[in-house]
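[1] Based on what follows, work out the 3D shape:
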Amino acid sequence: MAADNTTILIVEDEPAIAALISFTLKEADWHSVVVSSAGEAWDAIQQRMPQLILLDWMLPDQSGLRLLARVRADRQFQSLPIIMLTAKSMEEDKIAGFDHGADDYITKPFSPRELTARIKALIRRKLPEHAQSMLTAGTVNLDPVSCSVSLNGEKIDIGHAEFKLLKFFMAHPERAFSRSQLLDKVWGDHVVIEERTVDVHVLRLRKALKEAEHLIKTVRSVGYMLSEKN
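    Numbering: from 1, shown residues only. Predicted coordinates:
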């Protein structure tokens, strides 16, 4: 099972390197999609936004740097984590990559272990809800690896949708989210769900949390948040 369905888009025109990266990601329980040009990459992220992009500097139709600038110019993709892959190790090239909005930079040839470590670090930093470390709020513990939730050390029954919702809340404590934001962040904008369905899942989540239901707060005229404050 892929780690929380994390999808990584590989933009790489050398088949041998793309295959190696794809295998490395599969070993780490990530799902990958491979494209070999900037045009294909743009089409792919329009259809379904990945959680992270591994972007080669040199592509057949245009430079990875130009694609990076195009992605960052689009409001919906501004916070999409992007790691540049390149044979260039010149300092000015790295600076150019960061100036255009790259989050990290990895120089070829790189080891699969280094690549995995860099991806994990970036996911932890930018997408805490996709990280695999244990999450805690009050007496509630959530284990992303075993997809289980415990209350006071006792495992509780929780539905799949409520688990995803709780995981997102626990990864972003003390932050209020609107129903539309929760739909987008938890279910993805490709899923057709009405905003009031969020209320139903919040209700079910509170029921599953029993005496810890107070952690999920209703924020008037905004939406919901997880808070340990009274």
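
[2] mind listing the helices for this structure?
    For the chain, the helices defined by DSSP state H occupy 15-27, 38-47, 64-73, 91-99, 112-126, 160-171, 179-182, 195-209.

[3] so which of those helices gets nearest Asp56?
    Each of those has some distance to Asp56 by Cβ to Cβ; the shortest is helix 64-73, at 5.3 Å. From N, CA and C alone the C-beta is placed, and that goes for glycine too.

[4] Give me the contacts around that closest one.
    Applying Cβ atoms under 8 Å, 6 or more residues apart in numbering, the set of residues contacting helix 64-73 from outside is 11, 38, 41-42, 45, 53, 55-59, 77-78, 80, 82, 84-86, 96-97, 100-102.

[5] Mind giving me the packing neighbours of the helix or strand of the chain with the lowest mean pLDDT?
    The helix or strand of the chain with the poorest confidence is helix 91-99; it has a mean of 77 (mean pLDDT, DSSP states H and E). Counting contacts by 3 or more Cβ pairs under 8 Å, 6 or more residues apart in numbering; DSSP states H and E, helix 91-99 is packed against helix 64-73, strand 82-86, strand 104-107.

[6] can you give me the offset of that helix from its chain's centre?
    Helix 91-99 sits 24 Å away from the centroid of its parent chain (Cα atoms, centre = their mean, to the nearest Å).

[7] Keeping just the C-alphas, turn that helix into PDB.
    Taking C-alpha atoms only, helix 91-99 is exported to PDB below (Å, rounded to 0.1, in the frame of the first residue of the first chain):
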ATOM      1  CA  GLU A  91      26.700  27.300  -7.700                       C
ATOM      2  CA  GLU A  92      25.000  29.800 -10.000                       C
ATOM      3  CA  ASP A  93      22.800  27.000 -11.400                       C
ATOM      4  CA  LYS A  94      21.700  26.100  -7.900                       C
ATOM      5  CA  ILE A  95      20.900  29.700  -7.200                       C
ATOM      6  CA  ALA A  96      18.900  30.000 -10.400                       C
ATOM      7  CA  GLY A  97      16.900  26.900  -9.400                       C
ATOM      8  CA  PHE A  98      16.100  28.300  -6.000                       C
ATOM      9  CA  ASP A  99      15.300  31.700  -7.500                       C
END
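
[8] Buried ones in that helix, by neighbour count?
    Asp93, Lys94, Ala96, Gly97 (16 or more other Cβ atoms under 10 Å).

[9] Contacts for that helix, please.
    Helix 91-99 has contacts (Cβ under 8 Å, 6+ apart) with Trp57, Leu65, Leu68, Met84, Thr86, Lys88, Tyr105.
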